[in-house]
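Novice: One predicted model, sequence on top.
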Amino acid sequence: MENLLEKASASPRALDRSELAELLAWPDAQELFAAAYAVKVREVGKKVSFRGLVEFGNVCEKNCLYCGIRRDNASVKRYRMTSDEIVSAAEWAYKAGYGSVVLQSGELTGEANAAFVEDVLRRIHAATGDGFGITLSLGEQSEETYRRWREAGAHRYLLRIETSSPELYAKLHPADHSWEARRECLRRLRRCGYQVGSGVMAGLPGQTLDDLAADIEFFAKEDLDMIGMGPYIPHPDTPLGKDAALSPRERKERLELGLRMVAATRLYLHDVNIAAATALQALDPEGREKGLLAGANVIMPNVTDSRYRREYQLYAGKPCLDENAKLCRGCLERRIASVGEEINWNARGDSPRWARRQRDGQGRDSGDSCKASANAAGGCN
Ligand code: SAM
Ligand code: SF4
């Protein structure tokens with residue numbers, strides 16, 4: 001009789017909620033990872049796409065109870081890079097062959113921020129052209145702001161839902177943070193023609209395997225193009241993380257849970273992009289390579305100037321704090337070759353899922369130049 005791994009590998013979205021939970025708890029983790037890796041190789045090849053990550057500011061209007069740069073954490077020195085600094089970090093990634101950047105920061109709303117980001121996007125786009133991917137991860141915004149940024153050159157957006165359970169979300173956020181508003185933002189992004197990414201944290205207090213299985217179903221329901229998820233790691237200066245430092249055993253278990261989520265997501269969705277989150281590496285120096293072998297196909301090397309990195313600590317133990325981007329590049333190349341994978345140099349690395357949606361005419365991608373660039377960059381891989 002066909003087992004669950006075979007059933008999931010044969011066709012996408014083949015499992016129900018309880019089977020997904022069973023998959024997450026698969027007794028032999030290595031067998032689970034190997035099955036997910038085989039699906040990844042079949043769907044996206046033995047290739048890793050790079051996104052140079054620019055953490056350009058840690059000023060945030062929000063107060064998520066788990067995050068080290070939350071508004072009320074007074075022990076953080078706040079910074080915001082200048083537009084020249086952001087553009088030159090993006091240009092560095094472009095020249096290094098990374099194929100795309102992710103611009104990430106704390107959440108700021110208002111006209112001054114919208115105009116600042118719009119200007120940065122136009123400058124990066126002018127310096128790099130259509131073939132270079134620009135992903136944003138700047139939190140919840142109005143539809144008008146998302147549209148402006150899309151028109152200025154951004155084409156992917158990452159907004160983690162954090163958990164698909166509104167009840168659990170309410171326990172992790174102050175009362176004025178709304179799960180429904182965040183989900184609505186995912187829909188706004190789709191309407192504005194972005195490739196849409198979301199994800200969750202695994203290992204949150206009170207989270208069950210059934211919650212995680214529901215998260216994977218949520219990814220399918222929202223028809224996401226890319227998934228960025230990682231283990232939850234407590235930060236000592238946050239309400240959720242104080243007195244909650246992980247023991248060595250808990251770190252191991254949290255890492256494995258993060259990897260199991262990557263694997264189960266690959267086995268359920270098949271053709272999306274999945275990032276091996278930096279948080280995996282915070283728990284294990286080889287965490288990201290393990291993520292690749294569990295089904296991930298995207299890595300986001302940090303290209304932020306090292307003098308800012310210390311102030312962008314979302315959780316305890318952020319890796320590569322003192323390494324500059326050049327060193328990170330060299331060490332990543334070696335690590336990726338060591339697991340038998342190849343880097344997808346100079347390509348935007350759009351997901352096959354998105355390419356399929358474009359072909360089927362459901363993409364509502366408003367930018368013709370965007371479509372042309374995907375082709376110029378060699379399609380989806
Ligand atoms: N402010 C934007 C937002 O919230 O979407 C983007 C930046 S935010 C720092 C990026 C992600 O960091 C969040 O979506 C959250 O999942 C993750 N994060 C924050 N605190 C974390 C923690 N303690 N452990 C693991 N991930 C964390
Ligand atoms: Fe701000 Fe994002 Fe951290 Fe929440 S997760 S406090 S929105 S930076």
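Specialist: That came in fine, so what should we check first? Numbering: from 1, shown residues only. Ligands and ions are numbered 1, 2, ... in the order given.

Novice: Now name the helix or strand holding residue 48.
Specialist: Taking DSSP states H and E as the definition, residue 48 sits inside strand 47-50.

Novice: From the contact counts, what lies against that strand?
Specialist: Using 3 or more Cβ pairs under 8 Å, 6 or more residues apart in numbering; DSSP states H and E as the contact criterion, the elements in contact with strand 47-50 are strand 298-299, strand 342-343. C-betas here are computed from N, CA, C, even on glycine.

Novice: Which one of the ones you listed lies nearest to ligand 1?
Specialist: With Cβ to the nearest ligand atom, the closest approach to ligand 1 among those belongs to strand 298-299: 15.1 Å.

Novice: and residue 254, what is it in contact with?
Specialist: Going by Cβ atoms under 8 Å, 6 or more residues apart in numbering, residue 254 touches 202-203, 231-233, 246, 283.

Novice: hmm, 6 Å instead?
Specialist: The contact partners of residue 254, taken as Cβ atoms under 6 Å, 6 or more residues apart in numbering, are 203, 231, 283.

Novice: Nearest to ligand 2 among the residues you listed?
Specialist: Comparing these against ligand 2 with Cβ to the nearest ligand atom picks out residue 231 as the nearest, at 14.8 Å.

Novice: In contact with the closest one, which residues?
Specialist: Going by Cβ under 6 Å, 6+ apart, residue 231 touches 202-203, 254, 258, 279.

Novice: again, 10 Å this time
Specialist: Neighbouring residues of residue 231 by Cβ atoms under 10 Å, 6 or more residues apart in numbering: 201-204, 246, 251, 253-259, 261, 277, 279-280, 282-283, 287, 315.

Novice: how near is it to residue 332?
Specialist: According to Cβ to Cβ, to the nearest Å, residue 231 stands 20 Å off from residue 332.

Novice: Export the contacts of residue 254 as a markdown table, with columns for distance to ligand 2, pLDDT and secondary structure.
Specialist: Output for these, formatted as a markdown table (distance: Cβ to the nearest ligand atom, whole Å; pLDDT from 0 to 100; DSSP: H, G, I helix; E, B strand; the rest coil):
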| residue | distance to ligand 2 | pLDDT | secondary structure |
| --- | --- | --- | --- |
| 203 | 16 | 98 | coil |
| 231 | 15 | 97 | strand |
| 283 | 19 | 95 | helix |
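
Novice: Tell me, how many residues neighbour the closest residue to residue 60 other than its chain neighbours?
Specialist: Nearest residue to residue 60, sequence neighbours excluded (Cβ to Cβ, 6 or more residues apart in numbering): residue 106, at 2.7 Å. Using other Cβ atoms under 10 Å, residue 106 has 22 other residues around it.

Novice: I figured residue 106 was touching residue 138, is that so?
Specialist: Yes: the criterion here is Cβ atoms under 10 Å, and residue 106 meets it with residue 138 at 8.5 Å.

Novice: between these two, what contacts are shared?
Specialist: Counting by Cβ under 10 Å, 6+ apart, the residues touching both residue 106 and residue 138 are 56-57.

Novice: near ligand 2, which residues of the protein?
Specialist: Counting by Cβ under 6 Å from any ligand atom, the chain comes close to ligand 2 at 60, 62, 64, 67, 69-70, 106-107, 139.

Novice: want to throw these into JSON lines with distance to residue 84?
Specialist: Shown next, in JSON lines, are the residues of the chain next to ligand 2 (distance: Cβ to Cβ, whole Å):
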{"residue": "60", "distance to residue 84": "23"}
{"residue": "62", "distance to residue 84": "27"}
{"residue": "64", "distance to residue 84": "30"}
{"residue": "67", "distance to residue 84": "28"}
{"residue": "69", "distance to residue 84": "23"}
{"residue": "70", "distance to residue 84": "28"}
{"residue": "106", "distance to residue 84": "20"}
{"residue": "107", "distance to residue 84": "23"}
{"residue": "139", "distance to residue 84": "23"}
